[in-house]
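> can't give you the sequence, but here's the structure:
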């Protein structure tokens, strides 16, 4: 009976590991899409609303789901609070927040680097230059979204199956 319970637990654990990995493959293109939507909104806020950056980022934080909402909110709060007190630049607030919160996303290093490059230009150049960098980042992220969709189609089902099969192999080796 104890052996049977162990077999069930191993099969369950292996299947769940495969499901979790498949969920990460599915989450990446969705999060990139949300990030693209956020950048479109930021572009609108800068070009038409001429909204100060902290306020624009707080507005965006209310429009995108977690974990991206937390990133935008933390950047905005850093710009409001710490930048005023310590003299931190937009770039420093942006980079510190991205480095501390990026691990909570399903996105990869390529998206992180594009997002960091954008933060280096926001607040330090003219409005037109900022808009150009936002558009450039959006183009890069659109390319990465297409790649992420391909990866999702290729590896999502494979991850689920591989998790279950690996658990079955462990069970066979144990018995």
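Yep, it's here. Computed from a predicted model, the values in this text were never measured in an experiment. Numbers count the residues shown, from 1 in each chain.
> only C-alpha atoms for contact and neighbour calcs from this point on.
Noted.
> find me the pLDDT at residue 115, would you?
With respect to pLDDT, residue 115 scores 90.
> residues contacting residue 159?
When contacts are counted by C-alpha atoms under 8 Å, 6 or more residues apart in numbering, residue 159 is found next to 18, 19, 21, 22.
> where's it, which helix or strand?
helix 127-174 (DSSP states H and E).
> please pull out the lowest mean pLDDT helix or strand from the chain.
helix 82-86 (a mean of 62; mean pLDDT, DSSP states H and E).
> grab the nearest non-local neighbour of residue 25.
residue 152 (5.0 Å; C-alpha to C-alpha, 6 or more residues apart in numbering).
> kindly apply the preceding question to residue 106 instead.
residue 28 (5.0 Å).
> mind listing what that neighbour touches?
Listed by C-alpha under 8 Å, 6+ apart, the contact set of residue 28 reads 105, 106, 107, 145, 148.
> pick the one among the residues you listed closest to residue 166.
The nearest member of the contacts of residue 28 to residue 166, counting by C-alpha to C-alpha, is residue 106 at 23.4 Å.
> checking that closest one next. Helix, strand or coil?
With DSSP: H, G, I helix; E, B strand; the rest coil as the basis, residue 106 sits in coil.
> can you pull the contacts of it?
The contact partners of residue 106, taken as C-alpha under 8 Å, 6+ apart, are 24, 25, 27, 28, 31.
> where's it relative to residue 20, distance?
Distance from residue 106 to residue 20, counting by C-alpha to C-alpha, to the nearest Å: 11 Å.
> low-confidence ranges in this protein?
Low-confidence segments of the chain (pLDDT under 70): 82-85.
> circling back: host element of the residue nearest to residue 106?
helix 2-44.
> next, the angle from the next helix or strand after that helix to helix 2-44.
With elements assigned by DSSP H and E, the helix or strand that comes after helix 2-44 is helix 53-63. Interaxial angle of helix 53-63 relative to helix 2-44 (axes from the mean of the first three to the mean of the last three C-alpha atoms, to 10 degrees): 140 degrees.
> distance between helix 53-63 and the chain's centre?
17 Å (C-alpha atoms, centre = their mean, to the nearest Å).
> likewise for stretch 31-50?
Relative to its chain's centre, stretch 31-50 lies at 15 Å (C-alpha atoms, centre = their mean).
> list of residues touching it?
Against stretch 31-50 from outside (C-alpha under 8 Å, 6+ apart): 51-53, 56-57, 60, 63-65, 68, 105-107, 111, 127, 131, 134, 138, 141-142, 144-145.
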